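Peer 1: Need a 3D model of the sequence below.
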Amino acid sequence: MTTPEKQARAEIDRLLQAAGWAVQSIDAVNLHAARGVAIREFPLNPGHGFADYLLYIDGKACGVVEAKKQGATLTGVEIQSARYAQGLPASLPAWQRPLPFLYESTGIETHFTQGLDPAPRAR
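Peer 2: Have a look, this model is predicted:
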């Protein structure tokens, strides 16, 4: 049986792929498969959990996507994404720390926070 969470992730996978991202599982990562790589269920530093998707551009981490079931309210979820953005292991390459690009998505609705803005906020 497909749960609402699995349905949302399947749609997010489809949308990422349609936008040119190579969507990969954590057990089969190839950061050079495409310019943009989205890694599912990425384990972060202790206390930071798992990012539903860790985004890489040109081999360096740049952001996260927090997936929620369709119909979920995304307002307030940016706190969770911000925690993920700070949890990238130090041994991994990143464009900037904390990661600047934060997304929360149901596959239907998506919020985005641009961490490089002087006053970042979800839109």
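
Peer 1: check contacts around residue 41.
Peer 2: 25, 26, 50, 51, 52 (Cβ atoms under 8 Å, 6 or more residues apart in numbering). In short, each C-beta sits where N, CA and C put it, glycine included.

Peer 1: In ChimeraX, how would I select just the buried ones from those?
Peer 2: Entered in ChimeraX, the line below selects the buried ones among the contacts of residue 41, by 16 or more other Cβ atoms under 10 Å:
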select :51,52
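
Peer 1: can you redo the contacts of residue 41 as TSV with pLDDT?
Peer 2: Shown next, in TSV, are those (pLDDT from 0 to 100):
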residue	pLDDT
25	96
26	94
50	95
51	96
52	96
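
Peer 1: what would the contacts of residue 41 look like in a markdown table with distance to residue 92 and secondary structure?
Peer 2: Output for the contacts of residue 41, formatted as a markdown table (distance: Cβ to Cβ, whole Å; DSSP: H, G, I helix; E, B strand; the rest coil):
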| residue | distance to residue 92 | secondary structure |
| --- | --- | --- |
| 25 | 17 | coil |
| 26 | 13 | helix |
| 50 | 14 | strand |
| 51 | 12 | strand |
| 52 | 17 | strand |
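
Peer 1: now, which of the contacts of residue 41 sits nearest residue 95?
Peer 2: residue 51 (15.4 Å; Cβ to Cβ).

Peer 1: Mind listing what's buried along the helix ranked longest in the chain?
Peer 2: In the chain, taking DSSP state H as the definition, the longest helix is helix 4-18. By neighbour count with 16+ other Cβ under 10 Å, helix 4-18 contains the buried residues 8, 9, 11, 12, 13, 15, 16.

Peer 1: With the flanking residues excluded, which residue is spatially nearest to the first one?
Peer 2: Across the structure, with Cβ to Cβ, 6 or more residues apart in numbering as the measure, the residue nearest residue 8 apart from its sequence neighbours is residue 107 (4.5 Å).

Peer 1: That neighbour contacts residue 71, doesn't it?
Peer 2: No - using Cβ atoms under 8 Å, residue 107 makes no contact with residue 71, being 10.5 Å away.

Peer 1: These two: who's more crowded?
Peer 2: Under the neighbour definition other Cβ atoms under 10 Å, residue 107 and residue 71 were set side by side, and residue 107 has more, 18 against 10.
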